[in-house]
Each structure stands twice: as structure tokens, then as C-alpha cells.
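> no sequence on this one, just coordinates:
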């Protein structure tokens, strides 16, 4: 398998596989979510279970393309909380492969996912968020963690993040992923928050903890993503200008980075929760339909 | 005065003022620094004191434009440390208006600036970094703090940052600057680092501590910089999509934000130290010549 290096590649790969993944959408009543899901049904990559108020769901042009209707199932569940629990139950009990958030507050669906008995997080797993960014002028997809879930990761959470990202890279056909631990500077001053964790993680990598990957840090964005600007610094690093994965020190760094590029560099992002039994798509209201579609596609390849 | 909304505007404004500021360049022996300084001399905005090894300085095409030579003075000082101290001394004693770092390690020049007796930081002042970013597709210059100097600001440092940024905005002719306190989310959870400081700062703003400015936070990048994406969130904020200043939670967020935009959105940045008696230009090796020129221009308007 050749490495998937764009969202277009990813969709083509999934279409070729001719295998629809079943997606359960909690309170599927907002147009952006429905558009993205129906796009994925139309591409032949998912079979959709739309859970919510039937009247609200059918107010959308669900029936514009009759040929896809056999892959769209509407489950009447007018109450948001109930629709959310039903979607989680379907995934938990193997009736669906992917969970997706519709018009539900994030804390409501997270509570359902985190429920010890009926939820989707196995004990000991770390719940985090991994996303892929397609930036015009970067030569491949860029995975990164965590813009949303863990504000200030401790070292165990960070190691889990790295392992989930590596697993995702393998699923995308990247043979030896290059991982950059990002900070404001490449000078490893242990007095600065997270620097000591980075040094310890580097040591763990050298001992083989992460398997066949290349890892370095602390590195700044120039070193991680740009050969020319990075070279000026004369900091030798095996990931120079060619990172597959960026691990950010904290969620505000990851968040500011991707939102800046979404606004001003035409970057598209797709992302999913990591650590759960099955992929969970938790996009936010301000994400575009394309972004929601990309998230579904990532969930499909991981499901 | 109309507000300056681009680096081109800024240069035009300085050229119109017909007032050369005197700039002392510590160890002025690298080509990027010299190019930027000579460009500023050529534009008529500075008179340059190039301190360093005469032979090294003269190896560059200093004399290509004989008409500017009366504004370029070479001071022979072959030793880096000595050249740095001499540049700081000139600024301290009023022989120059602006300090600029040439080929000097940042810690060496910072030590000279921070020297209690001979340095440039008045007691009680906070040393921080403020930069202006010109992003294609953003409608004006965007000032932000702090990508480089204070890793994790406490509330007093943050208030100082805000005040320096406001002062800079006034110098740029911005009448009522709009300031966004940036975080990963607009939900003010005081358990998350810096959120309580943001709430306290908002309170101080309401009590008039920052004067005639508009301030809000926590806000994410979408709310601060994009009316459309920001509106989807239905979070009412008076800075929506029109911020003049972004105050980032920590230096890694500010750093990742601007470096991403420099690489992939064609953004140009200029920046200077704040808190010092006189403006100090401390660009880094990986900054472009344009970026160094923009930094000099910002120093000129503040000098």
C-alpha cells in the first residue's frame, strides 16, 4: 500500500475498498452533519443510522438521491439525551462501527462515551484527539494532537497520544512515521514546562518503546515542517521539514496552529477521538462540511 | 492620523516623517541583518551604526549605493561580546535610538540588556516580546504577544504585555484597539490554566485599568479573527473577527500560530522587545530579510 497523502487519496482508497462502515449519528438534525454524512453515503464509504427526531431529519433533502436510500436509516428518537445514548449503545453492541456527534453538546456525548458501564472507553485507555491537516504547500497529510481534549497532558497521556498517532499513520500506509515534539524553541531547557517530558520521551524512543518510527524534539514549527527555514538554524534533526505527526505541548498551541491555517492557508482538517473502542467523530459547529466529511473518512479507515 | 494597516503603510508613514532614527547594530556581520539595515537606510528611515569586525562588515556590498554612505557608520569591534556591550552603551547613553541584534547569541545580548547598571530594562518593567503579523486575507496588521520571551506569563506579566501592545497600537494610529485573550476554547473553565487570569483581566478592563480599548476573552482564533466562522459559535463578543491584538496563553501557542502562518499563508512578521527604555530588535536567524526590515520599521515608529 502506498502512503495516503491527501484527503482525496483517502476517499479514493476507501471507495476502492468497497466496504461501507456503519455510522451511528447522535441527534442527526443539523444540516452540516447531514450533508457530510450523506456525502459519505453517496461516495459508498458508509451506511448511515440517523438517530433523532424523524420530522426534523426528514426536513432535509434526504431523498434527493433515491439510489442511496437503502444505506440511510432513520431512527426516531426525539429527545437529544436519548438519541445520544442510543447511538453509543449501537456502537457498543456492534450494531455500528463509528459514532458521530450531530447537534449534541460536547459534554453530553462525552459523558455517554466515558460512562464506565455503557460507554466506549476501555479502562486504562487515554481519551485524546488526533486530527489530520491537509495544508496546501505541505507535501503530505499532517497528523497532530491534541487541539481539544487534554489541556495539559502529563507524560503518560502524551505517550498514549503518540502511540495512537503512530497507529493512525500505519493505517494510512506510512511506513516509518516521523514525529516531532513541538515547542516554542528547540533548546531543551528542563525548567520550561513539558521539556523534561520531551527528553524522557526521546529516551523511551531510543529504548524502542515506540517501535519503528523516527522521533525528535523539542523542535519548533520551522524545523518540523520546512527544510529551508529549518536548515538556517543548523539543528540536525532526522524529521527536518518532513514530519508526519506533530505533538503539541498543550491544547492551546495545537488549537491556535490549526485554526490559523484553516482561516488563512486554506487548510482542511479531519479528526477523531482516540482511545475509544471504536472511532468517534466529534466535530464542532464551526467546522465546515468538508472538514466533517474528512473526519468521517478518517474514522472509516480506522474502523 | 489614519491607522497604519500594513507594513507598506508603515514604511510610507516613516518615509513621510523624514526623520532618520539612529540604530546601533551589535556584531553586524551577517548578510540578512546587513541587507535589512541597508534597506532601511536606503528608505531614509534609519542612520546605521554597524558595530563589529570592520573587515567582515566591509566584505558585504556596503558601498553599492554611495549616496547612502553618509548614513552608515562602521565601528570596529572584532569581539562579539564587546560589540554587544558597545551597542547597548550607545543606546543607553542616547547616542542611538534603537538596538539591533546582529550575529550574537540571544542569551548574550539579553544579558547585556538585563544588566542592572548598564542595561536597558528599567526596574519594575516586564521584558516581553510583541510582534505584528501581516497576513494576506486579514484586513489589518495583527499584533500579538508573546512568542519568545515569557514562556508562561503570570497575571502581572500578562497585564504588562497588554499595556505595551495597547501603546504600540496607539503609535500605529489605532484609536480603540480590540484585544482578544486567546485560548483553545471560549468556555471559561477556571480549572484550566490561565482562564482565571483571563477572567480577572476582564474584570480589570471593566474597571477601566486599560483605558479606551475593547477587550474580551477567553476566545478562540475563529472568534477573534473570522466573522463567519466565529458567528457560527453564537458567542457574542465585541472583538468578533476584528481583533487588533491577540494575547496568547503561552509562548508555544503564539510561536506555533505565527510560524504556521509564515510558512503556509505568506504572513510577514516584524517584532521587538517591549519593556526596555528604547526599542530593541531581536530577530532570529531563521527570519527573512523582509521580516528583519519590518522589525526595524516597528522600532522606528516606537523610538
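Cool, the structure landed. Please read all numbers here as calculations on a predicted model, not as lab measurements.
> For the stretch 201-303 of chain A, which segments count as strands?
A:214-219, A:245-247, A:268-274, A:280-281 (DSSP state E, counting those that start in this stretch).
> got the ones you listed as CSV, with mean neighbour count and distance to residue B:152 columns?
To be clear about C-beta, it is placed using only N, CA and C from the backbone, and glycine gets the same treatment. Converted to CSV, the strands of the stretch 201-303 of chain A look like this (neighbours: other CB atoms under 10 Å in any protein chain shown; distance: least, CB to CB, whole Å):
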stretch, mean neighbour count, distance to residue B:152
strand A:214-219, 23, 15
strand A:245-247, 28, 19
strand A:268-274, 25, 26
strand A:280-281, 26, 32
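> can you tell which of the ones you listed is closest to chain B?
Chain B lies closest to strand A:245-247 among the strands of the stretch 201-303 of chain A, at 8.5 Å (CB to the nearest CB).
> would you turn the strands of the stretch 201-303 of chain A into JSON lines with mean pLDDT?
What follows is the strands of the stretch 201-303 of chain A, written out as JSON lines (pLDDT from 0 to 100):
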{"stretch": "strand A:214-219", "mean pLDDT": "97"}
{"stretch": "strand A:245-247", "mean pLDDT": "98"}
{"stretch": "strand A:268-274", "mean pLDDT": "96"}
{"stretch": "strand A:280-281", "mean pLDDT": "97"}
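> could these go into CSV alongside distance to chain B?
Putting those into CSV (distance: least, CB to the nearest CB, whole Å) gives the following:
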stretch, distance to chain B
strand A:214-219, 9
strand A:245-247, 9
strand A:268-274, 12
strand A:280-281, 18
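> now these as JSON lines including distance to residue A:170?
What follows is the strands of the stretch 201-303 of chain A, written out as JSON lines (distance: least, CB to CB, whole Å):
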{"stretch": "strand A:214-219", "distance to residue A:170": "14"}
{"stretch": "strand A:245-247", "distance to residue A:170": "12"}
{"stretch": "strand A:268-274", "distance to residue A:170": "14"}
{"stretch": "strand A:280-281", "distance to residue A:170": "20"}
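> Can you tell me which of those is nearest to residue A:109?
strand A:280-281 (8.1 Å; CB to CB).
> Would you mind pulling the contact partners of that closest one?
A:23, A:91, A:98-101, A:113, A:120, A:272-273, A:292, A:295-296, A:299 (CB atoms under 8 Å, 6 or more residues apart in numbering or on different chains).
> Would you point out the most distant pair within the residues you listed?
Among the contacts of strand A:280-281, A:120 and A:292 lie farthest apart (CB to CB), at 19.7 Å.
> between the two, who's got more neighbours?
residue A:292 (25 against 21; other CB atoms under 10 Å in any protein chain shown).
> Just the pLDDT at the more buried one, thanks.
pLDDT recorded at residue A:292 is 95.
> pretty sure it contacts residue A:33?
Yes: counting by CB atoms under 8 Å, residue A:292 does reach residue A:33; the two are 6.3 Å apart.
> mind checking the end-to-end distance for stretch A:106-122?
Stretch A:106-122 stretches 20 Å from its first residue to its last (CA to CA, to the nearest Å).
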